[in-house]
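Chemist: Sequence plus the predicted model coming up.
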Amino acid sequence: MTGSIVLFGPPGAGKGTQAGRIVELTGKPQVSTGDMLRAAVKLGSPMGMAAKEFMDAGLLVPDEVIIGLIQERLQEDDAKQGVLFDGFPRTIPQAESLDKIATVSSVISIEVPDDAIVERIVGRRMDSETGDIYHVKFNPAPAEISDRLIQRPDDTEETVRSRLEAYHAQTAPLADWYSERGLLIKIDGNASINKVGDSVEAAVSRIL
Ligand code: ADP
Ligand code: ADP
């Protein structure tokens with residue numbers, strides 16, 4: 001299949017957790033704007049420093065910054081047959097800009113209610129070497145890597161409230177936007193990681 005896939009859902013829905021399966025099934029590279037922004041923060045670039053203030057406050061980074069990052073990423077050779085977008089687009093203007101530079105074939109929406117989100121985000125841990133995602137309760141990391149685990153600075157109970165607010169106000173309307181275009185596939189994300197994985201695989205095999 002040519003064209004790109006969008007992995008859509010609230011913060012903590014399980015997009016990063018499920019992205020690997022879609023990459024395996026489709027061969028499309030994962031393009032996560034969150035990971036790209038965290039890399040810029042780590043480098044200490046001016047863009048990274050500016051983005052960090054928004055991220056730590058649980059606010060969306062301005063559209064022009066995100067669109068610039070995506071335009072650059074899509075120039076790379078591995079993006080020619082489409083990519084798997086994870087965490088992008090997050091606003092209608094981002095989706096409109098994306099429409100001008102790439103073809104979106106499907107949008108897989110992982111649906112999770114707000115009350116489950118807080119526990120997922122506060123318990124999220126990341127392997128600082130590999131970027132692998134774990135959860136203190138739902139997906140514990142192996143003991144031998146426990147000293148490498150980090151918690152994202154924006155994964156606090158306070159920040160998650162702002163992130164959910166931003167999601168409902170600015171990102172959730174995109175579901176209707178893509179649904180009107182016949183591209184939205186909804187998945188119940190309020191189940192175990194494996195069950196959600198099975199639904200994701202079923203959705204992907206239908207669109208391949
Ligand atoms: P999560 O995995 O919790 O959904 P991400 O790693 O995707 O979080 O994003 C972390 C933060 O980076 C967001 O809260 C936001 O500040 C910023 N960000 C990531 N992607 C975008 C985007 N497409 N538009 C605006 N801000 C973004
Ligand atoms: P997103 O990329 O959408 O922000 P993640 O994939 O990082 O979400 O998942 C957020 C947290 O929830 C992680 O700690 C992850 O291990 C956990 N998680 C992911 N999917 C599930 C699930 N189906 N049930 C319980 N916890 C999950």
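Modeler: Alright, I've got the coordinates. Ligands and ions are numbered 1, 2, ... in the order given.
Chemist: Going by C-alpha atoms from here, please, whenever you check contacts or count neighbours.
Modeler: OK.
Chemist: Pull out the buried residues from the helix or strand hosting A40.
Modeler: Take DSSP states H and E as the rule and A40 turns out to sit in helix 33-43. For helix 33-43, burial by neighbour count (16 or more other Cα atoms under 10 Å) applies to 33-34, 36-38, 40-41.
Chemist: Closest one to ligand 1 out of those residues, please.
Modeler: Among the buried residues of helix 33-43, G34 lies closest to ligand 1 (Cα to the nearest ligand atom), at 3.5 Å.
Chemist: pLDDT wise, what is the closest one at?
Modeler: G34 is assigned 97 on the pLDDT scale.
Chemist: Most distant residue from the centre of this structure?
Modeler: Relative to the centre of the chain, the most outlying C-alpha is that of E144, 27.3 Å out, by Cα atoms, centre = their mean.
Chemist: On the three-state scheme, it is what?
Modeler: Following DSSP: H, G, I helix; E, B strand; the rest coil, E144 is assigned to helix.
Chemist: For it, give me the pLDDT.
Modeler: pLDDT recorded at E144 is 97.
Chemist: so, in contact with ligand 2 or not, the helix holding A40?
Modeler: No - on the criterion Cα under 6 Å from any ligand atom, helix 33-43 is out of touch with ligand 2, staying 8.7 Å away.
Chemist: Which SSE is immediately downstream of that helix?
Modeler: Downstream of helix 33-43 (by DSSP H and E), the next one is helix 46-56.
Chemist: residues making contact with the longest strand anywhere in the chain?
Modeler: For the chain, the strand that runs over the most residues, judged by DSSP state E, is strand 104-111. With Cα atoms under 8 Å, 6 or more residues apart in numbering as the contact definition, strand 104-111 has outside contacts at 2-10, 13-15, 175, 178, 183-190, 200, 203, 207.
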